[in-house]
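S.K.: Requesting a structural model of the entry that follows:
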Amino acid sequence: MKIHFIAIGGSAMHNLALALHHKGFLITGSDDAIFEPSKSRLAKYGLLPTEMGWFPEKITLGVEAVILGMHAKADNPELIKAQSLGLKIYSYPEFLYEQSKDKTRVVIGGSHGKTTITSMILHVMNYHQIPVDFMVGAQLEGFDTMVHLTKENEFVVLEGDEYLTSPIDLRPKFHLYRPNIALLSGIAWDHINVFPTFENYVKQFEIFIESITDGGALVYNEEDAAIVKLINSSTHTIKKFPYKTPDYTIENEKTILETSLGKIPLAIFGHHNLQNLEGARWICLHMGISEEDFYEAISSFKGASKRLEKLQETTHNVLFKDFAHSPSKVKATTQSVKEQYAQKQLVACLELHTYSSLNVAFLNEYESALESADIAIVYYSPDAVAIKRLENISENQIKKAFKRDDLVVFTNPIDFKNYLFSLDFNNSALLMMSSGNYGNLDFEALKNKMTS
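M.R.: From the prediction side, this is the model:
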């Protein structure tokens, strides 16, 4: 089967292209720009386009399916050609469903934690050498790709993103998977550019619950009020399994899980991560993994890429990098590091980089998000605000939104770097939170500074 990818270079798209190539499909693709690591990974298997740009001549009647990436626009010339030829056009999640409609579909949803929970499940399965199909939003240790599809595996584990499906299909991705087994970790308003009100955002999760197959199972976080409200109001004929944060202690900056099988030391930490672990345990039970086997495997789980990723630890300091950018994630991540390293000074840096975080109408959602930090720093680029065509924001607006008068705010990357490198990191935990790069901050130099 010949499949053409429009916008093949995206993180999710290139992983799907690789998965289908490994499955035996004939893959072609186009994009106007492809960056690392997508570029090298596509090139390794001969899938990198020879020239950047859009080429309608690539779209012929010999193409049996087109997969359309979110990066493409509705007026993309290759898309228009495919539509004119009447070719079958799939969005990324539509094609995943097509490949898994005869399998037991496990879908992990929620505003936060879904990548981590999906990663935990796959870690457990991989540890016990149980093959499953999957799609996850981060590169995992021990896995070559973020997407894996076969004909024979019984289960497919899918990270259920609530962001839009494609330029011509404005449904959230997780509405298309029709799970047999589902999990919801919590609801915290995000994607203000797509879901302008909290009520509209919550509605998407209500639709997701209704999309679970009749008689299916829903595992949910009973400590999240918005989720519980939806669960209680749903009349859908599904089985419901609540979970909550398990008991744990912290000993010498290590988290110890209290279980029916005894104390289990973990490589991860933090209230939200422990919640995620408990959700993953319930899903694994539904997939046939015993409690004993789950705990044996999860003790070696070190976390998903870019999620509380420990870049360096010495006898007197520790450095973490985290993808957190939404208010709830920033607050939870900051609290987690402070709890784990209670005797250390916590320096927390947040880059406001996304459309929502740079939006004046959304800024107040960050109230108290950095309250656990001893030193709190916010960096943002006025250029990013201009590119997103948003109203300018001031230092005072940011301080007022965070409700923190001692908040240190930077808009110049050089000034930010100079301030950061001037700090004394003796007996400190440094937490760098961003989905951007702080104006190309040199993390190697930062690590060297912390060891000097």
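
S.K.: Show the average pLDDT along the longest strand seen in the chain.
M.R.: Scanning the chain for the longest strand, with DSSP state E as the assignment, gives strand 345-352. For strand 345-352, the mean pLDDT works out to 96.

S.K.: helices or strands up against it?
M.R.: helix 327-340, strand 375-380, strand 428-433 (3 or more Cβ pairs under 8 Å, 6 or more residues apart in numbering; DSSP states H and E). In this view, the C-beta of every residue, glycine as well, is placed from N, C-alpha and C.

S.K.: how far off helix 327-340 does the last one point, in degrees?
M.R.: Read it as strand 428-433. Between strand 428-433 and helix 327-340, the angle comes out at 160 degrees (axes from the mean of the first three to the mean of the last three Cα atoms, to 10 degrees).

S.K.: Tell me the helix or strand right after strand 428-433.
M.R.: Sequence-wise, the next helix or strand downstream of strand 428-433 (DSSP states H and E) is helix 443-451.

S.K.: P179 falls within a strand, correct?
M.R.: No. Counting by DSSP: H, G, I helix; E, B strand; the rest coil, P179 falls outside a strand, being coil.

S.K.: Tell me the confidence at it?
M.R.: For P179, pLDDT reads 98.

S.K.: Identify the residues contacting it.
M.R.: 105-107, 158, 160, 211-213, 216 (Cβ atoms under 8 Å, 6 or more residues apart in numbering).

S.K.: Output stretch 203-222 in PDB, but only the C-alpha positions, please.
M.R.: Listed next in PDB are the C-alpha coordinates belonging to stretch 203-222 (Å, rounded to 0.1, in the frame of the first residue of the first chain):
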ATOM      1  CA  LYS A 203     -17.100  19.500  27.000                       C
ATOM      2  CA  GLN A 204     -14.400  17.700  24.900                       C
ATOM      3  CA  PHE A 205     -13.800  15.300  27.800                       C
ATOM      4  CA  GLU A 206     -17.500  14.600  28.200                       C
ATOM      5  CA  ILE A 207     -17.500  13.600  24.500                       C
ATOM      6  CA  PHE A 208     -14.500  11.400  25.000                       C
ATOM      7  CA  ILE A 209     -16.300   9.500  27.900                       C
ATOM      8  CA  GLU A 210     -19.300   8.900  25.600                       C
ATOM      9  CA  SER A 211     -16.900   7.600  22.900                       C
ATOM     10  CA  ILE A 212     -15.800   4.700  25.000                       C
ATOM     11  CA  THR A 213     -17.200   1.400  23.600                       C
ATOM     12  CA  ASP A 214     -20.300   0.100  25.400                       C
ATOM     13  CA  GLY A 215     -19.300  -2.000  28.300                       C
ATOM     14  CA  GLY A 216     -15.800  -0.600  28.200                       C
ATOM     15  CA  ALA A 217     -13.700   0.500  31.300                       C
ATOM     16  CA  LEU A 218     -12.800   4.000  32.400                       C
ATOM     17  CA  VAL A 219     -10.100   4.500  35.000                       C
ATOM     18  CA  TYR A 220     -10.200   8.000  36.500                       C
ATOM     19  CA  ASN A 221      -8.500  10.300  39.000                       C
ATOM     20  CA  GLU A 222     -11.000  10.700  41.800                       C
END
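
S.K.: Might you report the residue contacts of E159?
M.R.: 107-108, 114-115, 118, 135-137.

S.K.: quick check, nearest of those to L87?
M.R.: M135 (23.5 Å; Cβ to Cβ).

S.K.: All the strands of the stretch 151-300 of the chain, residue numbers only.
M.R.: Assigned by DSSP state E, counting those that start in this stretch, the stretch 151-300 of the chain shows strands spanning 155-159, 164-166, 169-172, 181-184, 217-221, 239-243, 248-251, 254-259, 262-265.

S.K.: Could you save those strands as a markdown table and add columns showing distance to A7?
M.R.: Listed next are these as a markdown table, based on distance: least, Cβ to Cβ, whole Å:
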| stretch | distance to A7 |
| --- | --- |
| strand 155-159 | 19 |
| strand 164-166 | 10 |
| strand 169-172 | 14 |
| strand 181-184 | 28 |
| strand 217-221 | 33 |
| strand 239-243 | 37 |
| strand 248-251 | 42 |
| strand 254-259 | 40 |
| strand 262-265 | 43 |
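
S.K.: chain center to stretch 435-444: distance?
M.R.: Stretch 435-444 sits 19 Å away from the centroid of its parent chain (Cα atoms, centre = their mean, to the nearest Å).

S.K.: I'd like to know the average pLDDT value across it.
M.R.: 89.

S.K.: mind listing the strands for the stretch 1-150 of the chain?
M.R.: Secondary structure of the stretch 1-150 of the chain (DSSP E, counting those that start in this stretch): strands at 2-6, 26-30, 65-68, 89-91, 104-109, 133-135, 147-148.

S.K.: From the contacts of P179, pick the one nearest T50.
M.R.: Once Cβ to Cβ is applied, the member of those that ends up nearest T50 is L158, at 32.2 Å.

S.K.: Just the pLDDT at that closest one, thanks.
M.R.: Confidence score, pLDDT, at L158: 98.

S.K.: that older thread, mark which of the contacts of E159 are buried, thanks.
M.R.: 107-108, 114-115, 118, 135-137 (16 or more other Cβ atoms under 10 Å).

S.K.: which of those has the weakest pLDDT?
M.R.: Per-residue pLDDT puts G137 lowest of those, at 80.

S.K.: residues in contact with that one?
M.R.: So G137 contacts 11-12, 114-115, 118, 146, 159, 161 (Cβ under 8 Å, 6+ apart).
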